[in-house]
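> A structural model of the following input is requested.
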Amino acid sequence: MEGSERKRRRTMEQAAIILGGGLIGLTQALALASQGVACHVVERFDPDAMATRGFDGRTSAVSSSSMAMLDTIGLAEMLEGKGCAIETIEVIDNLRPGGLDFRSERAGDALGTMYENHFLRRTLFDAAKANERITLHLGQDVVERRIEPAAAHVVLADGTDLAAPLLIAAEGRGSETREQMGIAPARWQYDHSAIVGAVYHERPHENVAYEIFFSTGPFALLPMLDSEDGRHRSAIVWSIPRSEAPAYLKLSDRGFAAELEKASGGVLGKIEMAAPRSSYPLGFHHSARVTGARTVLIGDAGHGIHPIAGQGLNLGFRDVAALTEVLVDGMRLGLEPGDAQLLERYERWRGLDTLMVAMATDGLNRLFGIPGKSASAVRRFGMGLVSRAKPLQGFFMDEARGTSGAMPKLLQGIPI
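Residues are numbered from 1 along each chain as shown. Model (predicted):
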């Protein structure tokens with residue numbers, strides 16, 4: 001009994017329990033730990049086994065503001081030289097002339113950086129394992145969540161009863177915590193699937209990301225570092241009608257590469273596959289409420305958007321930065337992390353931003369999905385106006401960098 005009481009006291013020393021050890025959950029743990037705040041991280045899969053797998057074709061574009069946060073919480077050395085800078089974004093409508101370029105005007109001022117997901121996962125996991133303020137519970141299912149007046153409790157499959165002032169759910173789109181909170185997000189499915197992977201290509205990408213819009217769905221070519229043997233590489237995210245996805249996945253590598261060359265207009269020359277292809281259905285969900293008694297949702301647990309602008313991960317990083325700042329500011333004033341005032345401040349801060357980004361990506365997808373020459377001409381006219389208006393260009397580049405709106409300190413590279 002005495003040992004059990006000691007274990008309970010030890011778990012109560014942790015300020016938060018984070019459910020989910022993916023990119024967002026681990027980043028949240030590291031951000032809190034960088035500010036002296038300890039936490040538990042519970043992950044049902046073993047991130048060690050997942051992180052040691054080879055490149056599976058999945059990549060992420062990390063905005064410059066998200067990079068500032070990752071650097072500030074101590075990951076700069078581990079990330080140095082491992083990602084490919086995005087210096088230009090070219091937006092093209094149906095491979096017709098009259099597109100739009102967003103270009104960095106200063107050397108070294110990247111709009112974002114492309115990383116392989118398995119490398120990011122490995123980096124975050126290694127950093128979390130080495131951090132004495134983070135306690136990892138791996139390969140553990142959650143069998144009970146309960147909120148009491150003094151603490152949030154999580155019971156694991158092995159019988160461990162964790163307790164902390166705050167429960168942070170970073171479980172992804174199918175969040176069981178969100179369901180238990182009784183939150184029913186606004187959601188809908190797009191009649192599209194995304195095919196993701198990576199390719200070798202004949203010509204260098206020159207750090208350019210291509211976003212090509214077809215009425216059947218957007219197609220993105222995203223620059224990656226050259227392979228170890230010097231071959232040029234880019235990642236692909238191709239949104240196609242859901243009914244056609246199985247046929248595309250059944251194509252041989254050579255046949256699929258030929259379809260990619262056609263979709264890209266040959267901008268990078270001859271294409272060959274560099275990683276396995278995978279596919280997932282596209283959907284949208286947004287929770288009007290992301291907090292409850294001693295509980296908060298972050299990342300895809302609270303909002304899931306179309307990948308059209310590559311902002312899903314960065315939206316989650318913005319959640320992490322804002323929540324960390326709110327909690328640390330409150331704790332310095334003597335408030336505990338689960339205090340209702342702090343959670344209300346977080347919800348107000350993030351509510352409008354997540355909704356605006358979610359609706360903007362949904363609107364872009366619908367706008368560029370309108371078929372016909374007239375609609376295309378209107379879109380290209382609008383892109384021409386943006387290309388000639390520096391303030392408008394600046395607005396869109398700020399959005400790409402993640403530097404618009406009320407930015408948390410971590411996203412500015414400023415310690416809290």
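> what about D191, distance to S234?
Counting by CB to CB, to the nearest Å, the gap from D191 to S234 is 26 Å. C-beta here means a position set from N, CA and C on the backbone, and glycine is covered the same way.
> with neighbour numbers in mind, choose between these two.
For D191 versus S234, neighbours defined as other CB atoms under 10 Å are more numerous around S234 (25 against 11).
> pull out the buried positions in the strand or helix carrying the more buried one.
In this assignment (DSSP states H and E), S234 forms part of strand 232-241. The neighbour-count check on strand 232-241 (16 or more other CB atoms under 10 Å) flags 232-240 as buried.
> tell me what the next helix-or-strand element following it is packed against?
As assigned by DSSP H and E, the chain's next helix or strand after strand 232-241 is helix 245-250. Here helix 245-250 touches strand 186-201, strand 278-286, going by 3 or more CB pairs under 8 Å, 6 or more residues apart in numbering; DSSP states H and E.
> give the buried residues for the last one.
Buried residues in strand 278-286, counting neighbours by 16+ other CB under 10 Å, are found at 279, 282, 284-286.
> how about stretch 57-70?
57-70.
> in TSV: the residues you listed, plus pLDDT and distance to V143.
Formatted as TSV, the buried residues of stretch 57-70 follow (pLDDT from 0 to 100; distance: CB to CB, whole Å):
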residue	pLDDT	distance to V143
G57	79	34
R58	88	30
T59	92	34
S60	92	31
A61	91	37
V62	94	35
S63	90	37
S64	89	41
S65	91	38
S66	93	34
M67	94	38
A68	94	39
M69	97	33
L70	97	33
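> now the residues you listed in JSON lines, with secondary structure and distance to L335?
JSON lines is the format used below for the buried residues of stretch 57-70 (DSSP: H, G, I helix; E, B strand; the rest coil; distance: CB to CB, whole Å):
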{"residue": "G57", "secondary structure": "coil", "distance to L335": "44"}
{"residue": "R58", "secondary structure": "coil", "distance to L335": "39"}
{"residue": "T59", "secondary structure": "strand", "distance to L335": "39"}
{"residue": "S60", "secondary structure": "strand", "distance to L335": "34"}
{"residue": "A61", "secondary structure": "strand", "distance to L335": "36"}
{"residue": "V62", "secondary structure": "strand", "distance to L335": "31"}
{"residue": "S63", "secondary structure": "strand", "distance to L335": "30"}
{"residue": "S64", "secondary structure": "helix", "distance to L335": "32"}
{"residue": "S65", "secondary structure": "helix", "distance to L335": "27"}
{"residue": "S66", "secondary structure": "helix", "distance to L335": "27"}
{"residue": "M67", "secondary structure": "helix", "distance to L335": "30"}
{"residue": "A68", "secondary structure": "helix", "distance to L335": "27"}
{"residue": "M69", "secondary structure": "helix", "distance to L335": "23"}
{"residue": "L70", "secondary structure": "helix", "distance to L335": "27"}
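> quick check: which element contains the residue nearest to the spatial centre of the chain?
Closest to where the C-alpha atoms of the chain average out (CA atoms, centre = their mean) is L313, at 0.9 Å. Counting by DSSP H and E, the element that carries L313 is helix 312-332.
> helices or strands next to that helix in the packing?
In this structure, helix 312-332 packs against helix 23-34, strand 59-63, helix 64-70, helix 340-368, with contacts taken as 3+ CB pairs under 8 Å, 6+ apart.
> so can I have TSV of those showing distance to I92?
Conversion of the helices and strands packed on helix 312-332 to TSV gives the following (distance: least, CB to CB, whole Å):
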stretch	distance to I92
helix 23-34	29
strand 59-63	17
helix 64-70	23
helix 340-368	10
